[in-house]
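Student: Got a sequence here, can you model it:
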Amino acid sequence: MRYGKCDLQYQSDPKLGFGCMQVHRAIQDISLPQSACALGMFDGVHVGHVMVLENALKEARLQKIPSVVVSFANHPQFLISKTPTQLLSTLEERLARFEAMGFDHALILEFDDWLKNLSADAFIELILMRHLGVKSVTVGYDHRFGKNRAGDSDLLKRFGQSYGFSVQVIDPVRTEATLPEGGGQIVSSTLIRKLLAYGDVELANTLLGQHYHITGKVEGGLQRGRQLGFPTANLHITAHRLIPGNGTYAGYATLLDKTYPAVCNIGLCPTFEDPVGKRVEVHLLNYEAGDFYGNPLTMHFTHKLRDEQKFPSVQALIQQIQRDCQQAQVYWKTQSTL
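Tutor: A predicted model of the protein is given here:
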C-alpha cells in the first residue's frame, strides 16, 4: 500500500495514516543495510528531544543514509512501575512529529516482558546492528536501555569502536526560567508534567516548543454550560493522558478541521451542590453551527486564566465566565498566527 507523494511502502497499521514515513511495529518488519538512528521514548517531543532527533537527521544527511527513530508504543514505566506515567503525547502524535521532522523510518516497539529482559548487549547487536545496520546512533545524555537499564552511552561507544558506528550524546538542555526547584533546571518530560500539574501551561509550552494539547471525543454532559449561556463540549480523555491542573484556561480548539478561540475549564464544578467528577469542558467562542457530539476535539492551551473556585451564586459564576471569555478573545485578537 502506498500513501502520499513519497512513494514509500507503509508497513504498519494503516489507521495511523502516515504515508511518507515507514512505520514498523516489530524488529522482524525492518532490515536496513545502513541507517542513522535516534533512540528514546520522546514523550511530548520537547525541545531536548528535538535536539536528539535533529542530530540523527543531520547524520543521515551527511552520510546519505536512511534516518530511523526507535521508540516504544507504551511507556516502559507502565511495566516497570506500579504507578502509571501520565503521558504528554499519544503514539499517533509522536509519529506525526517524527514524520513532520523528516524521518524515513520509525521502529515502534511494544515494551513487554521480552524487551524488558533483553540485555543491553543484545539490544545493540540484535536491533541496532542486525536490523538497522546503524552507522550513527544519537541519544540523550541520560538515555538507558536494556535489562535493568544497564545500557548507556558508554556501552554504545564501546560497541561503536568495535563495529564501526559513531555515537553522539546530546547534552542536557536547561531552562533559564526560575522554577520552585530553582533556576537552570534540565528540560525533561518529568519537569513538564509537574508544570502542567501546577497549571503553568505557559512555561510548559516553552519547554515543549509548542502549545500543550489534549484530544478527546465530545460526549454528552449535564447541559449546565448551555443553561448558563455558554455551551461546552465535554471531552472524554483517554486513560493515562496528562490533564493540566484544575482551573480555567484560554487557548484555541480544532474541530472538524477548523480552529476556534476557546476557554477550557478543568475541575469539579464546585459552585453546584452536586459536584461531578473531574471534567474537561471546552467553550468555543466563535462557534455558531450545530451539535458535534461524537467528534474529536483538540484543545490547545495557551495560558491559565484563573484557579478553580467556588462562587457564592450561579450569577457570580456567569459574570466570571463572561470575563474569562473576554480575556480569551483579547488574547486571540493579538495573535497574528497560532
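
Student: tell me which element the spatially closest residue to Pro270 that is not a sequence neighbour falls in.
Tutor: Excluding its sequence neighbours, the residue lying closest to Pro270 (C-beta to C-beta, 6 or more residues apart in numbering) is Lys310, at 4.1 Å. For every residue, glycine as well, the C-beta is placed using N, CA and C. Using DSSP states H and E, Lys310 is not contained in any helix or strand.

Student: Just to check, Lys310 is in contact with Phe272?
Tutor: No: using C-beta atoms under 8 Å, Lys310 is not in contact with Phe272, being 9.2 Å away.

Student: Count the residues that sit near the residue nearest to Pro270.
Tutor: Under the neighbour criterion other C-beta atoms under 10 Å, Lys310 is assigned a count of 12.

Student: got the phi/psi numbers for it?
Tutor: phi -100, psi 130 (degrees, to the nearest 10).

Student: Am I right that Thr254 sits in a helix?
Tutor: No: using DSSP: H, G, I helix; E, B strand; the rest coil, the assignment for Thr254 is strand, not a helix.

Student: Tell me the confidence at it?
Tutor: Note on Thr254: pLDDT of 94.

Student: when you give positions from now on, start the count at 805
Tutor: With the count now opening at 805, the last piece we talked about shows up as Thr1058.

Student: Check the gap between it and His1107 for me.
Tutor: Remark: distance between Thr1058 and His1107 (C-beta to C-beta, to the nearest Å) = 18 Å.

Student: what's near enough to touch the residue nearest the centre of the chain?
Tutor: For the chain, the residue nearest the mean C-alpha position is Ser893 (2.5 Å; C-alpha atoms, centre = their mean). Taking C-beta atoms under 8 Å, 6 or more residues apart in numbering as the contact definition, Ser893 lies against 847-849, 901.

Student: for it, helix, strand, or coil?
Tutor: coil.

Student: Torsion angles phi and psi at it?
Tutor: When read as degrees, to the nearest 10, the backbone of Ser893 gives phi -160, psi 150.

Student: what mean pLDDT does stretch 936-954 have?
Tutor: Averaged across stretch 936-954, pLDDT comes to 96.

Student: buried stuff in that stretch?
Tutor: Using 16 or more other C-beta atoms under 10 Å as the test for burial, stretch 936-954 gives 936-944, 947, 949-950.

Student: pLDDT weak spots in the stretch 1005-1142 of the chain?
Tutor: Residue ranges of the stretch 1005-1142 of the chain with pLDDT under 70: 1025-1033, 1077-1080, 1139-1142.

Student: Show me where it has its strands.
Tutor: Secondary structure of the stretch 1005-1142 of the chain (DSSP state E, counting those that start in this stretch): strands at 1017-1023, 1037-1040, 1051-1059, 1062-1071, 1083-1088, 1100-1110.

Student: and the ones you listed as a markdown table, adding distance to Leu861 and mean neighbour count?
Tutor: Conversion of the strands of the stretch 1005-1142 of the chain to a markdown table gives the following (distance: least, C-beta to C-beta, whole Å; neighbours: other C-beta atoms under 10 Å):
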| stretch | distance to Leu861 | mean neighbour count |
| --- | --- | --- |
| strand 1017-1023 | 24 | 18 |
| strand 1037-1040 | 34 | 21 |
| strand 1051-1059 | 27 | 22 |
| strand 1062-1071 | 29 | 21 |
| strand 1083-1088 | 35 | 22 |
| strand 1100-1110 | 26 | 20 |
